[in-house]
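Enquirer: Model the structure of this input:
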Amino acid sequence: MRLTLPICALLSALPILVIVGALLRIRSPEAASRFTRERLFGAIVAALALSWGGWEAYILLGQDFGMITQLLPVLIPVAIIATALWMDYLLARALAGLFLLLVCQLLPLAFAAAVPGRLCLALSLYPLGLAAMFVLGQPWRLRDLLEKSASRPGFAKAAAGGLCLATLAFVIPGLLGHVR
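Expert: This is a model prediction of the structure:
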């Protein structure tokens, strides 16, 4: 699935804006834990991310690894079901995985289009992508961040503001690439 540059930039902002909303709305440690472990919304986002990742793997491996590509249509639904049933911190991991897939689309699109502000775009996306990798592997870090923001409203506003600025740093160049 190939996306256009402005659509990919806007879609990449969605997982971050969900976390920004959580930073500003969560007021108790229990709510932080419930948010990161949300099953229904997490299963939907995880199914979307796993399906998209499976499709990308099918395209990438299609020519050279025929045996693997024949197994992917069977393995992806099994992975979706197993993930929805047994993975802990499902929403946190699903948002991080979806963001990483979108970053992998956005960076090549931005550099191919030679958008103004590519440096700003890259300097904001690489640290956010690295943070998403940490959340994917250690999702309790996001829970801890949300718990800290619940106990300290000033910290919550500062963290949300920083994430919003970083998001604008890659969304605006992504939209400018379409205007040129």
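Enquirer: wait, what's in contact with residue 38?
Expert: Neighbouring residues of residue 38 by Cβ atoms under 8 Å, 6 or more residues apart in numbering: 90, 91. For every residue, glycine as well, the C-beta is placed using N, CA and C.
Enquirer: Residues in contact with stretch 147-160: which ones?
Expert: Applying Cβ under 8 Å, 6+ apart, the contact partners of stretch 147-160 are 20, 23, 24, 26, 27, 28, 29, 31, 32, 33, 145.
Enquirer: same thing with stretch 9-26?
Expert: Taking Cβ under 8 Å, 6+ apart as the rule, stretch 9-26 contacts 3, 32, 35, 95-96, 98-99, 102-103, 106, 110, 125, 128, 132, 142, 145-146, 149-150, 156-157, 159-160, 163-164, 166-167, 170-171, 173-175, 177.
Enquirer: repeat that with 7 Å
Expert: 3, 32, 35, 95, 98-99, 102-103, 106, 128, 146, 149-150, 156, 159-160, 163-164, 167, 170-171, 174-175 (Cβ atoms under 7 Å, 6 or more residues apart in numbering).
Enquirer: So what's the residue count around residue 88?
Expert: Residue 88: 10 surrounding residues under other Cβ atoms under 10 Å.
Enquirer: Just give me the neighbour total for the closest residue in space to it that isn't next to it in sequence.
Expert: Nearest non-adjacent residue to residue 88, counting by Cβ to Cβ, 6 or more residues apart in numbering: residue 37, 6.6 Å away. The criterion is other Cβ under 10 Å. On that basis, residue 37 has 17 neighbouring residues.
Enquirer: Quickly note the distance from residue 37 to residue 12.
Expert: 24 Å (Cβ to Cβ, to the nearest Å).
Enquirer: now do residue 33
Expert: Where residue 12 is concerned, residue 33 sits at a distance of 26 Å (Cβ to Cβ).
Enquirer: So for those two, which sits in the more crowded spot?
Expert: residue 12 (26 against 16).
Enquirer: what about the more buried one, which helix or strand?
Expert: Assessed by DSSP states H and E, residue 12 sits inside helix 5-25.
Enquirer: Buried residues, that helix. List them.
Expert: By neighbour count on 16 or more other Cβ atoms under 10 Å, the buried set for helix 5-25 is 5-6, 8-9, 11-13, 15-16, 18-20, 22-23.
Enquirer: Can you work out which other helices and strands pack against the very next helix or strand once past it?
Expert: Heading C-terminal from helix 5-25, the first helix or strand you meet, by DSSP H and E, is helix 29-36. On a contact count with 3 or more Cβ pairs under 7 Å, 6 or more residues apart in numbering; DSSP states H and E, helix 29-36 meets helix 90-113, helix 140-151.
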